[in-house]
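Chemist: no sequence for this one, just the structure:
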């Protein structure tokens, strides 16, 4: 796999291609019709090769452009969508098989114990049902281990030739009867329908079609006709013209549903293949809100006239904020579907323009906060959860990361009206000291019953609480601020708090999925960057090493601790040298607290230790390493005691910027007594990490966002009715 990124007009190589015989090195037969040959690009264009896709892009900076910064974004998206396809197939199988297995076990139990079941008491019935559920789940787990879900995903993919090859392998292995019993009987799936709502030239869409198994339909949508025109040319360049859907099913063509049909709406209403359409993304998603549980006779003909079924996966990757698209997206996604969202408006999310952030996301960021990268993610997830909650839906973050100059989240959306009631438990406010890095995160509400239930699940406690006096009540109570926790002002400096949020304070990731992703990448590393078991990734990923480091960093984070301290910022507040990271985290561990890093900030420390413990460690360090002495203030030269707060020991009226008579923050912090036993001894084996490339440097100069394409300077057609690309294609059509 090539690792170089070149901006020369003779082509960029960002991936590996299939072997000349049409087979990939994983042994899976590929469609020979999809092989492509490349030639020199026409004047004014550059050739891009990313993943398994070849593209032509105009070299004009104001036209549809190619940004190599986003290669990692697209690689991660392809990888996560492939993993989702497997989870989706597993969920379909479990749901349908569990229903059938329950009927089988109940029928068998009634035949054996029909007479005894009539005489049993209420408690005996409860015990019998608990035993029944355990037997059901054990049987289901045993059967699930025998299922090759990668093969099921493969069979549901878009290529008919691939399905035939899979069937031939089943026949050759003699497993046809078993497969029919375990899989086909319980899973009838035609594959996923994916929407790339802001597709531009279609590079991401074509990679989904080519590299992600289990994709049945890809809708390539963009508001710019020039972008879709370029996408059409690239479809042909990659040999996918036979998969291109023309006519009905594209550009909001009418889809008729018979009122006599009582079956559920399904993806068969969308023709299989690649759909190219020019249109507004929100309009397309608002027209795709037919859930599979809705019977057609429940809607009048006018409502059904242009309505289409929901998508299995939606990708939103705008230039700027995704906020305008989220309301329609959470309605157009299927129950359990995957929603991938990118936001590049870090000036707003990061706090440089808090008024803009509040207008877009309904939350206030913090200016110059050390944890702004994580807070940006949590503000985006908060807004997503609120928008989904309006429609009785909840989100489950799968992976939420900060990458380069943007944030990227992958969430699964579920129909869960009961879960919406608990939404306030996952929302919170941030109280940040105005004089130091101390902060508090408080939930918007609390519920004893929900917290008790979650604690039982985490601790794997199955015995119920029989003490009625201490039985938790299912009552939602308003949250409490630092004042109710005994800190009406900053404990270290006496300064007031400033408030940020609301924000999402629940988990940012699903650690089981993250660990599965790491395992896949490590297994693929020793097999030419392809999963040896036939799962995702099926093709090499150009940024696999970087993605592995990112996911390893994510897996090491404390999932239940929002936000973090930046160690150099903490130490600079008292004018001391920065404590070595290992020693600082060892001191936290020796004091009985947990700590971790954060995937976007190398100097971050996430910890469940209170603020005063963090400062006690700093104070202990300063006793061994005295900080540098700053020049005395005028007040100190007048004879007032260091750390005094003004006349009569009271805080004087000064503003947040400290324009008048502000006490020396460093002196004030260091003057407090150390209450925590601080031990900098590094325990044996402490700090050992998995080998990974966690924080890679930028591979090129000027590594960042590009200027947005402007309307009047986009790709122009020549006066004779054809542009340079069309002329070039006419001369070189035999090469594509």
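Modeler: Everything's here; your move. Remember, it's a predicted structure, so these values are computed and weren't measured experimentally.

Chemist: how many neighbours does residue 566 have?
Modeler: Neighbours of residue 566 under the rule other C-beta atoms under 10 Å: 19. Backbone N, C-alpha and C define where each C-beta goes, glycine included.

Chemist: contacts only, for the closest residue to it other than its chain neighbours.
Modeler: Nearest residue to residue 566 in three dimensions, chain neighbours excluded: residue 370, at 3.5 Å (C-beta to C-beta, 6 or more residues apart in numbering). With contact taken as C-beta atoms under 8 Å, 6 or more residues apart in numbering, residue 370 is in contact with 437, 564-566, 569, 601, 604.

Chemist: and residue 201, what element?
Modeler: Per DSSP states H and E, residue 201 falls between elements, in no helix or strand.

Chemist: I figured it hits residue 234, correct?
Modeler: Yes - when contacts are counted by C-beta atoms under 8 Å, residue 201 is listed as touching residue 234 (6.2 Å).

Chemist: these two - which one has more neighbours?
Modeler: A count of neighbours by other C-beta under 10 Å puts residue 201 above the other of residue 201 and residue 234, at 28 against 22.

Chemist: now that one: closest residue in space that isn't a chain neighbour?
Modeler: Per C-beta to C-beta, 6+ apart, closest to residue 201 is residue 230, 4.7 Å.

Chemist: what mean pLDDT does stretch 453-472 have?
Modeler: Averaged across stretch 453-472, pLDDT comes to 58.

Chemist: helix/strand/coil for residue 276?
Modeler: strand (DSSP: H, G, I helix; E, B strand; the rest coil).

Chemist: also residue 334?
Modeler: Criterion first, three-state DSSP; result for residue 334: strand.

Chemist: and it, how far is that from residue 386?
Modeler: Going from residue 334 to residue 386 by C-beta to C-beta, to the nearest Å gives 20 Å.

Chemist: now swap in residue 287 and tell me
Modeler: For residue 287, the distance to residue 386 - C-beta to C-beta - is 23 Å.

Chemist: quick one: which of these two has more around it?
Modeler: More crowded of residue 287 and residue 386, by other C-beta under 10 Å: residue 386, with 20 against 17.

Chemist: of the contacts of residue 370, closest to residue 122?
Modeler: residue 564 (50.8 Å; C-beta to C-beta).

Chemist: and the closest one, what does it touch?
Modeler: 370-371, 374, 598, 601, 604-607.

Chemist: circling back to that earlier point, how about the contacts of residue 370, which pair is most distant?
Modeler: Most distant of the contacts of residue 370, by C-beta to C-beta, are 437 and 601, 13.1 Å apart.

Chemist: anything in contact with each of those two?
Modeler: 370, 566.

Chemist: if we can go back for a sec, and the residue nearest to residue 566, its phi and psi?
Modeler: When read as degrees, to the nearest 10, the backbone of residue 370 gives phi -70, psi -30.

Chemist: on that earlier part again, just the ones of the contacts of residue 564 in helices?
Modeler: Using DSSP state H, the subset of these located in helices is residue 374.

Chemist: any chance of the contacts of residue 564 in a markdown table, plus distance to residue 489 and pLDDT?
Modeler: A markdown table is the format used below for those (distance: C-beta to C-beta, whole Å; pLDDT from 0 to 100):
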| residue | distance to residue 489 | pLDDT |
| --- | --- | --- |
| 370 | 20 | 91 |
| 371 | 21 | 95 |
| 374 | 25 | 96 |
| 598 | 27 | 96 |
| 601 | 27 | 93 |
| 604 | 26 | 96 |
| 605 | 24 | 96 |
| 606 | 25 | 97 |
| 607 | 22 | 97 |
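
Chemist: what do residue 201 and residue 234 both touch?
Modeler: Contacts common to residue 201 and residue 234, judged by C-beta under 8 Å, 6+ apart, are residue 55.

Chemist: surely residue 221 is in a strand?
Modeler: Yes - checked against three-state DSSP, residue 221 lies within a strand.

Chemist: pull the helix or strand with minimum mean pLDDT from this protein.
Modeler: Here the helix or strand of the chain ranked lowest by mean pLDDT, DSSP states H and E is helix 724-732, holding a mean of 40.

Chemist: where along the stretch 501-650 of the chain do the helices fall?
Modeler: For the stretch 501-650 of the chain, helices defined by DSSP state H, counting those that start in this stretch occupy the ranges 511-525, 544-555, 567-572, 581-590, 611-624, 634-637.

Chemist: buried stuff in the third one?
Modeler: Yep, that's helix 567-572 we're talking about. Going by neighbour count (16 or more other C-beta atoms under 10 Å), the buried part of helix 567-572 is 567, 569-571.

Chemist: what does the fourth one give?
Modeler: Going by neighbour count (16+ other C-beta under 10 Å), the buried part of helix 581-590 is 581, 584-590.

Chemist: which residues are contacting that helix?
Modeler: 567, 594-595, 603, 605, 607, 609, 613-614, 617, 620, 677-683, 686-687.

Chemist: tilt between that helix and helix 611-624?
Modeler: 130 degrees (axes from the mean of the first three to the mean of the last three C-alpha atoms, to 10 degrees).

Chemist: report the mean per-residue pLDDT for helix 581-590.
Modeler: Here the average pLDDT along helix 581-590 is 95.

Chemist: same deal with the fifth one?
Modeler: Per-residue pLDDT values across helix 611-624 average out to 95.

Chemist: which neighbouring elements make contact with that helix?
Modeler: helix 567-572, helix 581-590, helix 665-670 (3 or more C-beta pairs under 8 Å, 6 or more residues apart in numbering; DSSP states H and E).

Chemist: mind giving me the packing neighbours of the first one?
Modeler: Think helix 567-572. Using 3+ C-beta pairs under 8 Å, 6+ apart, helix 567-572 sits against strand 601-607, helix 611-624.

Chemist: next one: that helix to chain centre, how far?
Modeler: 30 Å (C-alpha atoms, centre = their mean, to the nearest Å).

Chemist: who's in contact with the nearest residue to residue 215 once chain neighbours are set aside?
Modeler: Spatially, and ignoring its direct neighbours in sequence, residue 215 is nearest to residue 192 (5.2 Å; C-beta to C-beta, 6+ apart). Contacts for residue 192 (C-beta under 8 Å, 6+ apart) come out as 85, 88, 156, 214-217, 312-313.

Chemist: quick one: residue 192 and residue 310, what's the gap?
Modeler: 11 Å.

Chemist: one step back: tabulate the helices and strands packed on helix 567-572 (CSV), appending mean neighbour count and distance to residue 576.
Modeler: Below are those laid out as CSV (neighbours: other C-beta atoms under 10 Å; distance: least, C-beta to C-beta, whole Å):
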stretch, mean neighbour count, distance to residue 576
strand 601-607, 20, 15
helix 611-624, 20, 5
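
Chemist: turn these into TSV, columns for distance to residue 406.
Modeler: Shown next, in TSV, are the helices and strands packed on helix 567-572 (distance: least, C-beta to C-beta, whole Å):
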stretch	distance to residue 406
strand 601-607	15
helix 611-624	30
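
Chemist: nearest to residue 363, of these?
Modeler: strand 601-607 (20.4 Å).

Chemist: how far away from the center of its chain is that closest one?
Modeler: Worked out by C-alpha atoms, centre = their mean, strand 601-607 lies 20 Å from the chain centre.

Chemist: and that strand with helix 611-624, angle?
Modeler: Going by the same axes, to 10 degrees, strand 601-607 makes 120 degrees with helix 611-624.

Chemist: what is strand 601-607 packed up against?
Modeler: strand 565-566, helix 567-572, helix 581-590, strand 595-598.

Chemist: angle of that strand against helix 544-555?
Modeler: Using the same axes, to 10 degrees: strand 601-607 against helix 544-555 is 20 degrees.

Chemist: run through who's touching strand 601-607.
Modeler: 370-371, 373, 557-558, 561, 563-568, 581, 584-585, 588, 593-598, 614, 694-695.
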